[in-house]
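Enquirer: Just need the structure, nothing else, for what follows:
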Amino acid sequence: MKGTGWSAIVTLALTAVAPPAVWASAPIVEVWPTVSSDTIYADDTTVYTVTMTVRDNGGYDAIRDVRTMFNLSQGRDAGWDTSYGRGYLAWGINDAEITRYGGTWVLANADGGGRWGYMTSDWGGTTYITPLACTTSTSGNATGGPGSRTVTWSFRAKPAWAFNPLVNKADAWAGNASSTTDWLENPADFDVVGATCSVTAVTPSAPIVSNVMPTTIDVSIDPADSGTDKYLIRVDPSPAGGAYVQADGSLGSKPVWQTRSQWSTTTVAGLLLDTQYTFQARAWDGTTSQCPSAYGPGATATTPSAVHFVGLSEGTPFSPRVRGQNPYRLIREDQYTTIWELTAGASGRGLAGGLDADTYDWRDIESGSNWGLRGGHFTTLQFLQYARDHQAQPLVTANMFGGGYKDPEDGTFICQTDNPEGLAADWVRYTNVILPNYRQGDEASLTGENLRVYESISNWWDRPKLPAPGEDPTPPVTYWQIGNEPELSGFPGFLSNHYLSPTDYRDRYKLMSQAMRAVDPTLKIGCTLMNPAGHSQAWLSALAADQTVPLHFVGYHPYYLDIQNAWGSPAAMTESLRHYKAFLRNRTDGIHTIMAAHGRSGYELFATEWNPMNWDATGVQQRSVAMGLGIVEGVFTFAESGVAAAHFWEHPQSKLS
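Expert: All right, here's what the predicted structure looks like:
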């Protein structure tokens, strides 16, 4: 990017246009902003309208603001250059919704309800348009189901807009209380001229397409077309870069006019594999005395697929569990399905996540930190039902303390050792013995230890403790972690008295694993340490050195800080991304070195918490290209390194890209 860099661009976007979108449950642009005429005369006399319809699945009352701006997409391509705007119109439920992103607005009542306004301070202000009025209407449900709102603004075009630019778009935005669409580029365009045209350019032939490759196509103007006219070339469907071919072959939101010889043979890049594209041209002599032609006929070409599908016998297979998630109990009901969909076919780590695991008594939803109350109150049965229904392998973290209490002063949970081996063994009995063998109606058949464990479930409210009759069985929990990050003494305001020394953790680990495997000897037990290849070496070495300690997998948390620390500097972020693979490989190599030194083999590696921007990445950072690249790099590196499972932390379901 040119100029002052990403931070300035983002600041400009936030103050002058709107904030980045939160994609969960956003409204839907049902009908794009449609101008009442394909050709607008900039005489400040003729009245035109622009109309759009927005739908919200929660009802039309959920829609809080609806906006259109002429040529926002062109300004966005130019680094949020506000000079590209040609008028900013908005409808809202009140003035605060319209003005919530800043700027100076003229506001008035909208016919049909709500308020409307136009910006005078930026994005073209009133230099190019004379806003006149706004009407709105609704259809469908007001609440509780899909409902739509249609908004129509009327305006006149001022002479300053004539041919400046000639081709324009009305871009779209909509928001509700929690989400927005972000600015969307309108696929349709319209012309703005000074007056009725006496001369119109000759409509060109279909462009010539050739040399069709997986992501590029060569295009040129037909040799039979005028050599003096200028042409724009439009492509449909338009990839994310825009609908118009640029002089260098890239795609953008602003049309480029060039002569036939200037276009020559241009290689159009940024196309998608296995996609049919249609190219059209328009002609114009570039003066205000002539109107452009209509779009000419289209030339189509389909890019081939460059993907080589590798059969299972052709390469080294890797575990699909490397793209797992942490569906833990803090997550709200409306987000739980989303994160399990991300976990489908992979691995889900729960039921308590992170440091909450050592505050959690599985028999009591409200135990410990009360994360369940802030989330969906999920029971172990529900967790395993979700795992079953999404063909995901469950991984459970057992509480390594078993007890504790909340400080009445600040709510910090203070860990205390209270039969952690018994609590964990009972959990194994419930997941791997009771659930596979009993259904609702079989309660009278429960006896002995099974009855005791069943009756120990004390606070699941009205949630069932057993599957329904005829319900498919839930998966057994084979993989169990002992505690979470014993090297950590606590977290301010949340957890304290949590630290276990390397030998204390080894002894606790051994005690608990023996009790758990006495219930189910098929269990695979593993640790969960922050950095066994670095500051946690002593904890891993203590476990690995004792050959009586079962260590079926090593859990570790390879959080990466470099990209986040470089936030705002594209060059530094890029360099940090280049180093990410080596960072992850150093972690796995270090673990292998320690395990080999103690004669350990046949174990698996689980990156049970990881994030290329650290666990505290903001929503903006989690929606960034850097995060996307880091996630892809991380998953592939785990696969190449033979890591058996990896679990992203934290909650991407509420910060979707």
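
Enquirer: dump the residue contacts of Gln280.
Expert: Neighbour list for Gln280: 206-207, 233-234, 236, 295-299 [criterion: CB atoms under 8 Å, 6 or more residues apart in numbering]. All C-beta atoms are positioned from the backbone trio N, CA, C, and that covers glycine.

Enquirer: That should have said Ala392, apologies.
Expert: Counted by CB under 8 Å, 6+ apart, Ala392 has contacts 324, 340, 343-348, 386.

Enquirer: Please narrow those residues to those residing in strands.
Expert: Using DSSP state E, the subset of the contacts of Ala392 located in strands is 324, 347-348.

Enquirer: about what we covered before: format the contacts of Gln280 as JSON lines; extra columns: distance to Thr431 and neighbour count.
Expert: What follows is the contacts of Gln280, written out as JSON lines (distance: CB to CB, whole Å; neighbours: other CB atoms under 10 Å):
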{"residue": "Ala206", "distance to Thr431": "65", "neighbour count": "17"}
{"residue": "Pro207", "distance to Thr431": "63", "neighbour count": "26"}
{"residue": "Ile233", "distance to Thr431": "61", "neighbour count": "25"}
{"residue": "Arg234", "distance to Thr431": "58", "neighbour count": "22"}
{"residue": "Asp236", "distance to Thr431": "53", "neighbour count": "13"}
{"residue": "Tyr295", "distance to Thr431": "63", "neighbour count": "15"}
{"residue": "Gly296", "distance to Thr431": "67", "neighbour count": "21"}
{"residue": "Pro297", "distance to Thr431": "65", "neighbour count": "12"}
{"residue": "Gly298", "distance to Thr431": "60", "neighbour count": "16"}
{"residue": "Ala299", "distance to Thr431": "61", "neighbour count": "20"}
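
Enquirer: nearest to Asp361, of the residues you listed?
Expert: Asp236 (58.6 Å; CB to CB).

Enquirer: That closest one: what's it in contact with?
Expert: 187, 243, 277-278, 280, 298.

Enquirer: Now do the buried residues in stretch 639-657.
Expert: In terms of neighbour count (16 or more other CB atoms under 10 Å), stretch 639-657 has its buried residues at 639, 641, 643-656.

Enquirer: tell me the two of the residues you listed that are most distant?
Expert: Farthest pair in those, by CB to CB: Ser641 and Ser654, 29.3 Å.

Enquirer: and the gap between the residue of the chain positioned farthest from its centre and Ala162?
Expert: Of all residues in the chain, Ser198 has its C-alpha farthest from the mean position, at 51.1 Å, by CA atoms, centre = their mean. For Ser198, the distance to Ala162 equals 15 Å [CB to CB, to the nearest Å].

Enquirer: Please apply the same query to Leu523.
Expert: Taken as CB to CB, the span from Leu523 to Ala162 is 76 Å.

Enquirer: and what of Lys510?
Expert: 82 Å.

Enquirer: before we move on, what about Trp263?
Expert: According to CB to CB, Trp263 stands 26 Å off from Ala162.

Enquirer: now His592
Expert: 70 Å.

Enquirer: And for Val212?
Expert: For Val212, the distance to Ala162 - CB to CB - is 39 Å.

Enquirer: Looking at the two, which one has more neighbours?
Expert: Comparing Val212 with Ala162 by other CB atoms under 10 Å, the one with more neighbours is Ala162, at 20 against 14.

Enquirer: If I look at that one, what pLDDT would I see?
Expert: Ala162 is assigned 95 on the pLDDT scale.

Enquirer: So it is in contact with Asp191, correct?
Expert: No: using CB atoms under 8 Å, Ala162 is not in contact with Asp191, being 10.0 Å away.

Enquirer: Just the buried positions in stretch 413-420, please.
Expert: 413-415, 420.

Enquirer: Likewise for stretch 26-37?
Expert: Within stretch 26-37, the residues scored as buried using 16+ other CB under 10 Å are 26-27, 29-30, 32-35.

Enquirer: So which of these are in helices?
Expert: Using DSSP state H, no member of these falls within helices.

Enquirer: quick check, nearest of those residues to Cys527?
Expert: Ala26 (41.1 Å).

Enquirer: Need phi/psi at the nearest residue to that closest one once chain neighbours are set aside.
Expert: Computed as CB to CB, 6 or more residues apart in numbering, the closest residue to Ala26 that is not its neighbour in sequence is Ser179, at 4.0 Å. In terms of degrees, to the nearest 10, the main-chain angles of Ser179 are phi -140, psi 160.

Enquirer: Just the pLDDT for Ser179.
Expert: We have a pLDDT of 80 for Ser179.

Enquirer: and if you look at Asp410?
Expert: 86.

Enquirer: ok, and the closest non-adjacent residue to Ile208?
Expert: Nearest non-adjacent residue to Ile208, counting by CB to CB, 6+ apart: Ser220, 4.8 Å away.

Enquirer: close enough to count as contact, that neighbour and Thr265?
Expert: Yes: using CB under 8 Å, Ser220 makes contact with Thr265 at a distance of 4.6 Å.

Enquirer: who has more neighbours, those two?
Expert: Ranked by neighbour count (other CB under 10 Å), Ser220 and Thr265 place Ser220 first, with 18 against 12.

Enquirer: can I get the CA coordinates of the strand or helix carrying Ser154 in CSV?
Expert: Element membership for Ser154 (DSSP states H and E) is strand 147-157. C-alpha atoms of strand 147-157 as CSV (Å, rounded to 0.1, in the frame of the first residue of the first chain):
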residue,chain,number,x,y,z
GLY,A,147,-38.6,-9.7,7.2
SER,A,148,-37.6,-7.1,4.6
ARG,A,149,-37.3,-3.4,4.4
THR,A,150,-37.2,-1.4,1.1
VAL,A,151,-35.7,2.1,1.1
THR,A,152,-36.0,4.5,-1.8
TRP,A,153,-34.1,7.8,-1.9
SER,A,154,-34.8,10.5,-4.5
PHE,A,155,-32.2,12.9,-5.8
ARG,A,156,-31.0,15.1,-8.7
ALA,A,157,-27.6,14.9,-10.2
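
Enquirer: partners of that strand in the sheet?
Expert: With DSSP bridges as the test, strand 147-157 is paired with strand 47-56 (antiparallel), strand 129-140 (antiparallel).

Enquirer: Quick one: closest of those to Ala174.
Expert: The minimum distance between Ala174 and these falls on strand 47-56, with 4.2 Å, by CB to CB.

Enquirer: For the next helix or strand after the closest one, which helices and strands make contact with it?
Expert: Remark: after strand 47-56, the chain's next helix or strand is strand 65-70, criterion DSSP H and E. Applying 3 or more CB pairs under 8 Å, 6 or more residues apart in numbering; DSSP states H and E, one finds that strand 65-70 contacts strand 47-56, strand 88-92, strand 147-157, strand 170-175.
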